[in-house]
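Q: mind looking at a prediction? Sequence and model below.
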Amino acid sequence: MLYDVRLNLHYDYPYPVEGGRHHLRTMPLTLPGMQRVIAANIALSPKPSEQTAFSDFFGNAVTSIAFRKPHDTLDLTMKARVSVTRPEPPLDISPNLEGLGAEIDATLTLDATSPHHFVAGSLHAPLEPAITAYARDSAASSRSVFELAFDLCKRIHADFDYEPDATNVRTLSHEAFRLKAGVCQDFSHVMISGLRGLGVPAAYVSGFIRTIPPPGKERLEGADAMHAWVSVWCGREAGWREFDPTNAILAGNDHIVIGYGRDYADVAPIVGVLRTVGRHSSEQSVDVIPVAE
Amino acid sequence: MIAGEPKREAPAGRSGRSLLAGYRPIAGVTDEMLDASGNVRPGWDMLISVLSDISYKDRTERFGRADQYLRDAGVYYRVYEGQGAREREWPLAHLPLIISETEWQDISAGLEERAELLERIVADIYGDNMLVARGLIPPALIAGNPQFLRPLVGIQPVGGHFLHFCAFELGRGPDGRWWVLGDRTQAPSGAGFALENRVATTRALPDLFGDMNVHRLAGFFRQFRDTLLALAGDPGSRAAILSPGPLNETYFEHAWIARYLGISLLEGEDLRVSGGKVMVRTVSGLRPVSVLWRRMDADFMDPLELNGESHIGTPGMVEALRAGTIAMVNALGSGIVETRALLAFMPRIARALNGSEPKLPSVATWWCGQPREQRHVMDRLDRMVVGPALSTRLPFEDPEATRPGSALDADERADLLARLAADGAAYAAQEDVTLSTTPVYSHGRLVPRPMSLRVFAARTKDGWSIMPGGFARVGRTNDATAIAMQRGGQAADVWIVSDRPVKRETLLPDEKGPARRYASGNLPSRAAENMMWLGRYSERLEGTVRILRAYHVRLAEAADPALPLLKTVRAYLDFLGVDATCAVSPGVLRTIDNATGSAGQIRDRFSPDGWLALNDLSKTLHRFADKVEPGDDAARAMTVILRKLAGFSGLVHENMYRFTGWRFLEIGRRVERGIHMARVVGALASTKAPDGGLDMLLEIGDSVLTHRRQFSVNASRRSVIELLALDPLNPRSIAFQLDRLKAGVAELPGNETGHLTAAAKEVLNLHTRLSIWEAKDLDGAQFNEIVSGLGAVYDSISHSYFV
């Protein structure tokens, strides 16, 4: 599939902020055999005094910007044309939980895709006995790690309510778990906490998803938001597989990846210290428009 | 000397051995002074003889001199108790620990090897990961470690090395061998305190220090300063110490080392990253810095890429490291080799990398994430100290989380065994080592106390250099966990003694080379602001105290407190936030606390004498607040305060070098005194002021005698305003303050081009207006105009130099 993706982030500050430095993670990645960025750019207003780019530890594209002049708004528009061609889901060749543990131990590397980075609890997805117990129910009925993860993915979809007002970007997995509600970010964090509690390496994926319009209707421009799902290490042979607990599906050609991390904190679209007190307001809009090939 | 060596005969015929008489080392424990046969080890002999020969009184006096030095130098550390923290006097154990040069050479060789090994491990963890690939380090210990800072992976450090300054905690076991108990690579503290221990101890024992061929410490610091300056590259760029600030427990040391090495002390707030370079916000704008010796944990260094909650870091710091524009001592992320569980793998790594056993062993450690080790620990819990695997604290500094198996009761033991079985990977165990003892002088006799030794290693152009000495921590009791200073332990100097005379070194510059001067105008904005406020607060205090004295003198004499003059002054003081119904009100205490607060932020730029004078003033005021009664008592107390304030001002004005910092302090004083005079003259010399106001004003303005000489005995509005507002020769007049301000502002950075700065224009404007006015023109409105004009001067300085 070929998409034109457009992301707009807009911040209004209560009064002008002096200076400020931010890291942006909004650009889709080129992932060999899966996703290719044909063209992408970021437009910012006001224009930053500095703008550089680098790749972070997990290989995500980071844009670093700094402002020296006082400003009271920040507006970002990222546009990209991306081609997504995920392979058909292969046969399940993943080991069971016990076998997975041995395979993790035998993986003697710390490169960015090493499972070792994704087993410990993290800021937004700490290990939590209640979530581990919830996840263990999926382990009982599954013969493989892949089955386990998919079952957990579907259960979260079934048991949790999609409620944008229930949580915010700082919500931790155990809070969302107690509420049994939240958005894609929360569902993903709960699934990650649960899997890690069982010793299964799980990563957070930030990205976009195409909203499929109902038959015969125009798709709603700007109705979409940034999306998140979960990547699970299913053993040395099967590798990383991606699950979307918000939609109870495997990630497919409707999913466009921006980046991977241990949780939201590693891939937040914008981080940075605002030298101001008081609240700021923000808006976000996303269009993912399929392009005829 | 180790226990197995041949017996050493105690020197016969010497009189002075009385101190040894009651000294009984603990059975089965190595003692630093006596060997296993009870003989005095080399080096200790002379110390014990000399101390035995002198009287109890003499000894007390000598040790008192050391304590006096520490008090005078203002050496303190911060202890945390419950909610708060306070500064505590430095607990010096007066006897040094003595180690022979021969034994020290072995320790040094072992530590040089270890420092290099740590360097290779850090480089590998942030580089090739060969140690993980070869199975020498379990990947989980790195990947799940909060000290593993992913943003630093792949960044090559400027200068090529990750580690430049390390410390090691050593202990000596019952077999007489030295063991490494822990490595400090994050931001090791204690080297400055070691120097202070040295200075203090030599105050007590100058003769012995001279006679005993003790190795000097200065050379070590000189070499390390050379390393820092070499990392800075070209002479125009600079090196600085980066401190978390005055609330840190070892801030004293940061300020002290900065002064000793002659380099700047900075805080995160002083720094900005601009165009990939780290810059210091100074009163002359942004200036580059190229080497930071950080005393801040790496995690706090950059809220953008490391701990997002850090308020003391600098956004963009990691980007500057990525750009290779700043040398960091030590590299961010180096703290990972402090991880306790990694000690378990050190012997294997040493064998793999060096091809031999380490020269100096580390304390036996087991990571319970491996089934065999887990079993081993669970079977021998009584001989183990067990705690969190990823902890970077030394076992005896962490008594809540890390406990000896032998100290657990049955329930605790069962609980620990269950946790070890369920989640072994979270735990590391270490052999419960019995530390050696060293003598401590207590109430006229010597007692053995457990001790551990901190030793420092610095990278030089010729490899690692080990400080010939160190910092011994000595327990208050026989309990080894009582060594930590936070738990009441003491600190002792460490003397490495030679058979031959040693080289005497100082940090004084080489007489042959040209004297090096540092560029001025590099004053950090934060320091300038604190200087200015120190000037303002100390002046505000003086102004308030002068009014209070004049008030209480009159209150004592007046029958009726409702006298109009007293009422007016009370109302005026109330406007200043001072309650005149008590001698020292909370408002006054707030001012002195603010003054010491500002001074505390700039300890490195402030003479120890000035700091002591200010602290003395603060203590006196706080004491008076509890005791002194209004009236005559208060008037006398205020005279004491004024005398102490004069002492402080004298130190500042007669002793401080006229650097940019001093100018800010001076400007602060002049602004404050100008405001004070304009307000108080406006209040007491107004046409509506009550009787007696003019005389009181002359007293507040310290101008009674001058007035009598220049005018008649009776004060008039005109004569008082002439003297206190317009007379440029009276150091208390408003005109005098403006003259000084004009000169002071002209010397600040930004005037080099000949154009007037905004602050200079404000001063000139006010100065011109005052010059034209005559005494008869001045009343409330004009005095208010002066007050707001001085406020505008402060604002423009603040805007130009502090933001």
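A: That came through fine.

Q: C-alpha from now on. contacts and neighbour counts both.
A: Will do.

Q: if A:Val17 is in a bridge, with which residues?
A: Beta bridges link A:Val17 to A:His71 when assigned by DSSP bridges.

Q: count of residues packed around it?
A: 18 (other Cα atoms under 10 Å in any protein chain shown).

Q: what is the burial count for B:Ser733?
A: 23.

Q: tell me the domain ranges of the chain?
A: In the absence of a named chain, chain A is used. Domain assignment for chain A, taken from automatic domain parsing, gives A:2-85+A:269-290, A:97-267.

Q: right idea, wrong chain: chain B
A: According to automatic domain parsing, the domains of chain B span B:97-340+B:435-497, B:364-431, B:525-656, B:658-803.

Q: ok, which stretches of the stretch 501-650 of chain B are helices?
A: Per DSSP state H, counting those that start in this stretch, the stretch 501-650 of chain B carries helices over the ranges B:525-557, B:564-575, B:586-600, B:608-627, B:632-655.

Q: picking up where we left off before, just the domains of chain A: most buried one?
A: Of all those, domain A:97-267 carries the top mean neighbour count, a mean of 21, counting by mean count of other Cα atoms under 10 Å in any protein chain shown.

Q: looking at the domains of chain B, which is nearest to chain A?
A: For those, proximity to chain A was assessed by Cα to the nearest Cα; domain B:97-340+B:435-497 is nearest, at 4.9 Å.

Q: state the mean pLDDT of the closest one.
A: Mean pLDDT, domain B:97-340+B:435-497: 92.

Q: what's the end-to-end length of that domain?
A: End-to-end distance of domain B:97-340+B:435-497: 10 Å, with Cα to Cα, to the nearest Å as the criterion.

Q: tell me how far it lies from the chain's centre.
A: 15 Å (Cα atoms, centre = their mean, to the nearest Å).

Q: before we move on, the earlier item: wait, which of the domains of chain A is closest to B:Arg393?
A: Evaluated with Cα to Cα, the domains of chain A place domain A:97-267 nearest to B:Arg393, the distance being 20.8 Å.

Q: report the buried residues of stretch B:702-722.
A: Neighbour-count burial for stretch B:702-722 flags B:702-704, B:707, B:715, B:717, B:719-722 (criterion: 16 or more other Cα atoms under 10 Å in any protein chain shown).

Q: one step back: tell me which of the helices of the stretch 501-650 of chain B sits most buried.
A: Highest mean neighbour count among these (mean count of other Cα under 10 Å): helix B:525-557, a mean of 23.

Q: quick one: B:Val377 from B:Pro371, how far?
A: Distance from B:Val377 to B:Pro371, by Cα to Cα: 10 Å.

Q: next: A:Phe67.
A: Noted for A:Phe67: a distance of 53 Å to B:Pro371, by Cα to Cα.

Q: tell me the buried residues in stretch B:223-232?
A: For stretch B:223-232, by 16+ other Cα under 10 Å, it's B:223-225, B:227-232.

Q: tabulate these (a markdown table), appending distance to chain A and secondary structure.
A: Below are these laid out as a markdown table (distance: Cα to the nearest Cα, whole Å; DSSP: H, G, I helix; E, B strand; the rest coil):
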| residue | distance to chain A | secondary structure |
| --- | --- | --- |
| B:Gln223 | 36 | helix |
| B:Phe224 | 33 | helix |
| B:Arg225 | 33 | helix |
| B:Thr227 | 31 | helix |
| B:Leu228 | 29 | helix |
| B:Leu229 | 30 | helix |
| B:Ala230 | 30 | helix |
| B:Leu231 | 26 | helix |
| B:Ala232 | 25 | helix |
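
Q: which one of those residues sits closest to A:Phe118?
A: When these are compared against A:Phe118 (criterion: Cα to Cα), the nearest one is B:Leu231, at 37.2 Å.
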